[in-house]
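> can't give you the sequence, but here's the structure:
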């Protein structure tokens, strides 16, 4: 992983940590993850499992996903970190949208509740971190406006929201726009 990718991941992780969109829950379990596509392939760098609360990531805290298979619930990675359980979800976004260069999976209960069934929303029956979620993401790309909206809600994962863009700046901007619109609507 290049220093540029590491610095980009850390820059946006700091912003997300400050906003408490990623972090550590009351059970001391890390939540939230980010990924960046590796060039024009469907390979990508993703933050490691349980790194959500770490203030700064080292190269060893990320892994490069170089192959995956939804059906077999299988990943091949390069690096010492254990890939996030949401890696197949990220892979499904990259596979479905050639222009997506970065994905953010975060948690925001208020925004989640506001966007639930208002933005593209996965089936409540589909659990996060499963091959079914990867298939569900693919389905959302086929039947909703998720490619234009660049955000979706994980109905079966309370608080779980996924935003994506050409880069982390774009994915983060989508999240901030949705938060701002939600705050404005709740004040009216």
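All right, it came through fine. Here the structure is a predicted model, which means the values were calculated and not measured.

> Low-confidence regions, this protein specifically.
Where the chain drops to pLDDT under 70, the residues are 1.

> Give the partner strands of the longest strand anywhere in it in its sheet and their orientations.
Taking DSSP state E as the criterion, the chain has its longest strand at strand 62-69. Take DSSP bridges as the rule and strand 62-69 pairs in its sheet with strand 44-47 (antiparallel), strand 74-78 (antiparallel).

> Buried deepest among these, which one?
Scoring the strands paired with strand 62-69 by mean neighbour count under mean count of other Cβ atoms under 10 Å gives strand 44-47 as the most buried, with a mean of 27. Any C-beta I mention is one placed from the backbone N, CA and C, and that applies to glycine too.

> what does that one rub up against?
By Cβ atoms under 8 Å, 6 or more residues apart in numbering, the residues outside strand 44-47 that reach it are 1, 5, 9, 13, 33-38, 57, 61-65, 81, 83-84, 86-87, 90-91, 94, 103.

> Now do the SS call for the residue nearest the centre of the chain.
Residue closest to the mean C-alpha point of the chain, counted by Cα atoms, centre = their mean, is residue 105 at 2.6 Å. Counting by DSSP: H, G, I helix; E, B strand; the rest coil, the backbone at residue 105 sits in strand.

> Check the offset of the helix or strand that contains residue 138 from the chain's centre.
Following DSSP states H and E, one finds residue 138 within helix 131-143. Averaged C-alpha coordinates place helix 131-143 at 14 Å from its chain's average position (Cα atoms, centre = their mean, to the nearest Å).

> elements contacting it?
Contacts defined by 3 or more Cβ pairs under 8 Å, 6 or more residues apart in numbering; DSSP states H and E place helix 131-143 against helix 87-96.

> what angle do the helix it packs on and helix 131-143 make?
30 degrees (axes from the mean of the first three to the mean of the last three Cα atoms, to 10 degrees).

> For the residue nearest to residue 24 when sequence neighbours are not counted, the count of nearby residues, please.
Leaving aside its sequence neighbours, residue 24 sits nearest to residue 53 (Cβ to Cβ, 6 or more residues apart in numbering; 3.4 Å). Using other Cβ atoms under 10 Å, residue 53 has 15 other residues around it.

> you'd agree residue 53 is up against residue 26?
No: applying Cβ atoms under 8 Å as the test, residue 53 and residue 26 come out as separate, 11.8 Å apart.

> all strands of the chain, in order?
Taking DSSP E, the strands of the chain run over residues 23-24, 30-31, 33-37, 44-47, 62-69, 74-78, 102-107, 151-153, 160-165.
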